[in-house]
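>>> how would this look folded up:
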Amino acid sequence: MISPFEPGHVVHIIGVGGAGMSALARVLSERGCVVSGCDAQHSSTLDELNSAGIVTFVGHDEKHLDGVNVLTASPAIARDNLELSDAAQRNITVLSRAQVMSEIAHMSELIGVAGTHGKTTTSSMLTHIWSAAGRAPSWLVGADVLGLGANGHYRDGAQLIGEVDESYGSFALTSAFALAITNVDPDHLDFYGDEATLHAAFGALIERTTGPVVMWIDQKGAHDVAQSLTRPVLRVGRSDNSDFVVSGELLRRDGSSFELHGPASHCHVELGVPGALNVMNAAVAASLALSCGLASDSVEQGLANFSGVARRFELRGTMKNTTVIDDYAHLPAEVSATIAAARAAGYEKIVALFQPHRVTRTVALADSFRHSFDGVTELFVTDIYSAGEANPEQVTGELIANAVAESASLRVHYVSTLSEAADELARRLGHCDALLILGAGDVHRVIDLVSERVAL
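As a prediction, this is how the structure comes out:
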């Protein structure tokens, strides 16, 4: 059967400015497809894609489909989008993200990473390990792989290291050769309905995997999924009952280290990134690599080469003796882990800015954020980054601000705009050790806004 992504085929991607879709664009372009894409607004990502030979457009127009063989769209794109509607009339092949991921998994042997959070970091770690072993992989990651290249790269015949995303059922048709599960937290319940259905989807993905599966078993959701499986998996955790046992953890401001003992292997891992969450991600990555037959020295070297991921506890500099840290954390457990990492690094007076992500997620998880910010001195919450979702009830970030204020012993403020937030944060500089910028939307823009105010 001929792949829809044979070299020379013309592919158009709606929503190409997103992290996942831009990675797809790069992979398909490097495979030899003629790729174009569009997004609702201009971004630096579009500029980077243009530089890579991928034509991009701002806005939607039927003319973008001239000569196109295959169309795909971000799951966040509305079904009545005019380009999607026009494609049906032109008999252009329209593939969902789930179908695209299934096709890509057939193009290369997939080394997949799934989980509610940690996918990008763990995938990047695996890419460094495979490179250190001389395996020269392809990759499909949610952020640039620092030290190696952009978020997507394709080599014909190479194994593909990629994130396997559960949102909107994107991994429903994907089959991997090997798989890592970082965690399974309640998220995207607007799509799955309940945790049982979400767990079943992860279970089905694991059952479809033909080779080794490793799971961080100390996390409740992952543990519950593992209990439901009919096939064996390799358990990674701190308990002696795990197949790969993590011990001797040392967390520092500038990095971390640990020992990993497996069934027939041992690694001493030195990381240049801090935090217990990075230890967990690295342990899962190392365990999967060892299970795929890579040598311990390649695992150690690859992880030593890993210097972090953009917007994952990324140190963005210092302003008035305050360290600015930018992080993608947008779920309760992620926020808690980022704050714990900051505290473990020695920061005591922490001011945090949080931008809620998606309306449905904010409504579903507001109560779960009540104690996620424990450990910070002061919290500012902005309005919601909707990611294109409708908001008929006009829900705002104040929902989370109020939930935290009711339960936590810290000062909490709702600030509707990034500009207002920048005003407040600029006034706190010099009176705190660290400024944490948290969220999956465009909240990182506030750093430049604060810098502008400091320069005045």
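
>>> From here on, just use CA atoms for contacts and neighbour counts.
OK.

>>> What's the separation between the residue nearest to the spatial centre of the chain and Ser265?
Residue closest to the average C-alpha location in the chain (Cα atoms, centre = their mean): Thr120, at 4.4 Å. Using Cα to Cα, to the nearest Å, Thr120 is found at 25 Å from Ser265.

>>> Ok, Leu146 next?
28 Å.

>>> Check the offset of the lengthiest strand in the chain from the chain's centre.
In the chain, with assignment by DSSP state E, the single longest strand is strand 244-252. In terms of Cα atoms, centre = their mean, to the nearest Å, the centre of strand 244-252 is found 23 Å from the chain centre.

>>> ditto for stretch 441-456
On Cα atoms, centre = their mean, the centre of stretch 441-456 falls 23 Å from the chain's centre.

>>> What are the buried residues along that stretch?
Buried residues in stretch 441-456, defined by neighbour count with 16 or more other Cα atoms under 10 Å: 441, 443-444, 446-447, 449-450.

>>> just stretch 106-125 next, same as before
107-125.

>>> quick one: which of those sit in helices?
When the buried residues of stretch 106-125 are checked against helices (DSSP state H), the matches are 107, 119-125.

>>> Which pair of those residues spans the longest distance?
Met107 and Thr121 (23.4 Å; Cα to Cα).

>>> now, which of the buried residues of stretch 441-456 sits nearest Ala176?
So of the buried residues of stretch 441-456, ranked by how close each gets to Ala176 (Cα to Cα), first place is Gly441, at 29.1 Å.

>>> so the closest one touches His357, yeah?
Yes - Gly441 is within contact range of His357, at 6.4 Å (criterion: Cα atoms under 8 Å).

>>> Can you pull the residues that touch both of those two?
385, 387 (Cα atoms under 8 Å, 6 or more residues apart in numbering).

>>> quick one, what contacts Glu83?
Shown in contact with Glu83 (Cα under 8 Å, 6+ apart): 60-62, 64-65.

>>> contacts for the lengthiest helix in the chain?
Taking DSSP H as the criterion, the chain has its longest helix at helix 276-291. By Cα under 8 Å, 6+ apart, the surrounding residues in contact with helix 276-291 are 118, 121-123, 125-126, 129-130, 178-182, 212-216, 236, 244, 246, 249, 251, 256-258, 260, 262, 265, 296, 299, 303, 337-338, 341.

>>> Repeat the analysis, applying 7 Å as the threshold.
By Cα atoms under 7 Å, 6 or more residues apart in numbering, the residues outside helix 276-291 that reach it are 118, 121-122, 125-126, 180, 182, 212, 214-216, 236, 244, 260, 296, 299, 337, 341.

>>> What separation do you get for Leu46 and Ile13?
Leu46 is 12 Å from Ile13, by Cα to Cα.

>>> go on, Gly59?
12 Å.

>>> Mutual contacts of those two, please.
Cys38.

>>> These two: which has the busier surroundings?
A direct count of neighbours by other Cα atoms under 10 Å for Gly59 and Ile13 places Ile13 higher, at 23 against 14.
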